Each structure stands twice: as structure tokens, then as C-alpha cells.
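> Take this sequence and fold it.
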Amino acid sequence: MKTRILAITIVSLVFGASSAFACSGCGCAAQTAATSSEKHHAELTDIVHTAQHAGQFKTLVTALQAADLVDALQAPGPYTVFAPTDKAFAALPKGTLESLLKAENKAKLQAILKYHVVPGKVMSSDLMKYTNAKTLHGNKVDLTLRINDARVIKADIKTTNGVIHVIDRVILPSNAKPIAGYDTNKAPAQVDKTIVETAVESGQFNTLVTALQAAGLADALSGDGPFTVFAPTDAAFAKLPDGTVESLVQPENKAKLQAILKYHVIPAQLGSHDIVAAHTVKTLNGKPIYPSLQVDQAGLEIKNIYCRNGVIHVIDTVILPEETS
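Numbering: from 1, shown residues only. From the prediction side, this is the model:
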């Protein structure tokens, strides 16, 4: 499987300014002269007005109107809005949107929409500084290239009262708790548990721990290190084709399993900011990976869980090294 270099920093997503979302036949004051029209297209408008004339947020605008949140997002702010596209809303289970737009579900719709709004103006270059940012809903979201389980597909659309980042999925409030650990970029003075002990204790890496044991690597990752481990969750392993894990843990496939697991380990301790600065790093496998706010094809779910002998970054997909012939 050829590894695709998907580790693009969020700054590279900043293609086009808000003028790309400028009004066209929007009912604003008529522009007759060419110079006036050009000036109009260069002007910033508020978040709601920008969304109305983008062409891909019709469902979001309808939802804002149904939830009586239009006036709030036309206020001075500033706000940061993670705006799902029409396609993102269409991906919700059948009937979900229609149900949410009903008057009796107004409070629930408001809660969901407020979950997409963070007070303050957070540009793409600032996203890495925010962990568990508090939304207008009151819950917290993890801001990176991925916003919880949604991916930023276009960043930094400037408006008069904030900024819009376009996302490919509607994010829903939940009671999910993050894996116990540290989420800042600064390692604590002392941590007692090793990488393997931390993985075992979390309860979300059972498959990874089993694989490490089958590959004879558990002792290595319990050593002094330091190591940086991109740790796939059980859900990440479950996304592999049926029978893949069962096959890999067989004794005859030990070398292949070792190669895959070593591809998830860097022989150094790299916090999230170090990763963004490094761009390319060599793994214990010997092959490079391209970590940034994504690691090859995997999204970072939780970053900077510091351990006694290194750091864990949780990823949502098992990354596979390119096989050499």
C-alpha cells in the first residue's frame, strides 16, 4: 500500500480569502459601475451573510433560522464558526435534519449549532494553541486540523465578526471523556507510567497492546526510550479488513506485524508542536512518516499524553508502511 503524503499543515488549507464567498445577486445594494462591483466583492460581511452567499451552507443557514440564532451570529462577536457544508448535513442519518428543524426540537437544534461556535476569533495558525476550547454550547471541542471527528476542508474565511472554517461533518455534543493523560505541549515534571502501562490502563488500546505482545515489542516500549507512539484505538484497528488483525498476530506473521507497529513509533519524544515543526520523521521501522495535524492517513484524536518514557498521540486509523518488493 503506497503511503500518501497527507500530512498537510492546516495553513496549507488556507486557499482563497473571504472574497471567494462574496455576494452575487444577493439582494444587497445594486452595484452598477464595475469599480463599485469590485469594491463590493472585496468587502467583508458578517458570518451569516457570508454563509448565505457561499452556496454550500444552505442547510446551515436554514438551521440557524429555525433555531433563532441568526441575530446572535450577526452580533459583533467575534466568533469562530466551524461550518458544516450541505453535504455534511446530508450525511446525517435519514430523517435527522427534518426532525431537528421541527419547532418542538428547537432547543436541541440550538445546542447542536452552538457546539459549532467558539467565542473569539481563532485563525488556523492559532488552532494548535487551543485544546478543549469551550463552545457556545458549553461543551468543549478539540481544535486541530480535525474538530472532534470532523475535518477542516477550508480554513480562515474572514468575516466582519469572526472567521469561518469549513468542515466536512456535523459535530454532535456528547458525554465522551478523553483518555486520561496530559493534553498540553509541555511535559510534566514527573510521570510514573510507561507507554505500555498507560495504554493498558486507558482501556481503548486493547488491540494495540495485544499486537505489541504478539510482536514481542511490549518490553521495548516499556524501556527507557524516549519514544513517540502514534497509537491507534481499538476502533481504528476495527476499521481494517475482516481477519487482518487475526492474521497479523499469528507467529508466522510476526515480522510483518513488527514492521507495522514500528511504523507507529518515533525514537524520540515529540510533542504536537515539535511534530508540526518537523514535518518528516523517521520511524523505528526505518521508513519516514509525515506527521503534522494528520499522520499519513490518520487523524490525531488526542495529543500529548505524556508517559515516563515518552509520549502518546492517539490516532483514528492504523497507518501502514509501503511494502517493498
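> I'd say Tyr79 and Ile47 touch.
Yes - in this structure, Tyr79 is within contact of Ile47 by CB atoms under 8 Å, at 6.3 Å. C-beta: built from backbone N, CA, C; applies to glycine.
> More neighbours: the two, which one.
More neighbours surround Ile47 than the other of Tyr79 and Ile47, with 27 against 23 (other CB atoms under 10 Å).
> could you measure the more buried one against Pro78, distance?
Noted for Ile47: a distance of 9 Å to Pro78, by CB to CB, to the nearest Å.
> Would you mind listing the residues touching both of these two?
When contacts are counted by CB atoms under 8 Å, 6 or more residues apart in numbering, Ile47 and Pro78 have Asn161, Gly162 as shared neighbours.
> hmm, back to that, shared neighbours of Tyr79 and Ile47, which are they?
Contact criterion CB under 8 Å, 6+ apart; residues shared by Tyr79 and Ile47: Leu73, Asn161, Gly162.
> Just confirm the second one contacts Val48, I think it does.
No - when contacts are counted by CB under 8 Å, Asn161 is not listed as touching Val48 (9.1 Å).
> Could you tell me which residues touch both of those two?
Leu73, Gln74.
> Save the shared contacts of Tyr79 and Ile47 as CSV, and put in neighbour count too.
Formatted as CSV, the shared contacts of Tyr79 and Ile47 follow (neighbours: other CB atoms under 10 Å):
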residue, neighbour count
Leu73, 21
Asn161, 20
Gly162, 24
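> Keep only those of those residues that are in strands.
Secondary structure from DSSP state E places Gly162 of the shared contacts of Tyr79 and Ile47 in strands.
> which ones are touching Ser247?
With contact set as CB under 8 Å, 6+ apart, Ser247 has these partners: Asn253.
> in what helix or strand does it lie?
Secondary structure from DSSP states H and E places Ser247 in helix 244-248.
> List the buried residues in that helix.
Val245, Leu248 (16 or more other CB atoms under 10 Å).
> what element comes up after it heading to the C-terminus?
Next along the chain after helix 244-248, taking DSSP H and E as the criterion, comes helix 254-262.
> and that following helix, what other elements does it pack with?
Counting contacts by 3 or more CB pairs under 8 Å, 6 or more residues apart in numbering; DSSP states H and E, helix 254-262 packs against helix 206-214, helix 244-248.
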